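**Student:** Just the structure for this:
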Amino acid sequence: MTKNSVVDLLTTNYPDLHLKAGDTYYWSPKDKTIFYKSKDSSDEGAWALLHESGHAILNHLNYYSDFELVKLEAEAWEKAKEIAREFNLEIDEDHVQDCLDSYRHWLHKRSLCPDCHLSSVQTDSSTYSCIFCHKQWKVSAERFCRPYRRST
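**Tutor:** Below you'll find the model as predicted:
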């Protein structure tokens, strides 16, 4: 499977999708566009393109909590596997779980209380609260950076 053949299959079978070559793989709800690396011919690139197409087909627009983001990522991977089956392709399940593990690890780190180090609950889009020691802290809205925690 090559990424170029996946682009062709998506364009033919999902004519409403807007695909555009770029520097990385992502779904832009604002632009209603799936961006993909034009110079990536790896299986992983094809899988990433299918995953981002899953976000688009499922009309993923926003998320309001870290847990919801992880849920959207899992849904997009399930849709990607469904699309892959339509095309007689297979996405490696270990790859899917590795990708989801990166989000689960990110969520776990953000939810750890800076004082007692137990998992806590998110109370709004940028705040966590420990149900054990009652500590509250802010987290960055950035998904792709180290999970910094700032006490409130």
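
**Student:** For the rest of this, base every contact and every neighbour count on C-alpha atoms.
**Tutor:** Fine.

**Student:** contacting residues around the residue sitting furthest away from the middle of the chain?
**Tutor:** Distance from the centre of the chain peaks at C133, with 31.2 Å (Cα atoms, centre = their mean). Residues in contact with C133 (Cα atoms under 8 Å, 6 or more residues apart in numbering) are D115, C116.

**Student:** That one: what secondary structure?
**Tutor:** Recorded secondary structure, C133: coil (DSSP: H, G, I helix; E, B strand; the rest coil).

**Student:** And the helices in this structure?
**Tutor:** If DSSP state H is used as the criterion, the helices of the chain fall at 3-13, 43-57, 66-86, 93-111.

**Student:** now these as a markdown table including mean neighbour count and mean pLDDT?
**Tutor:** As requested, the helices of the chain are exported to a markdown table (neighbours: other Cα atoms under 10 Å; pLDDT from 0 to 100):
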| stretch | mean neighbour count | mean pLDDT |
| --- | --- | --- |
| helix 3-13 | 16 | 90 |
| helix 43-57 | 23 | 97 |
| helix 66-86 | 19 | 97 |
| helix 93-111 | 16 | 96 |
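
**Student:** for the ones you listed, which one sits closest to K138?
**Tutor:** The closest of the helices of the chain to K138 is helix 93-111. By Cα to Cα, the value is 9.2 Å.

**Student:** quick one on the thing from earlier: can you tell me which of the helices of the chain is nearest to S28?
**Tutor:** helix 43-57 (8.2 Å).

**Student:** That closest one to helix 66-86, inter-axis angle?
**Tutor:** Interaxial angle, helix 43-57 versus helix 66-86 (axes from the mean of the first three to the mean of the last three Cα atoms, to 10 degrees): 110 degrees.
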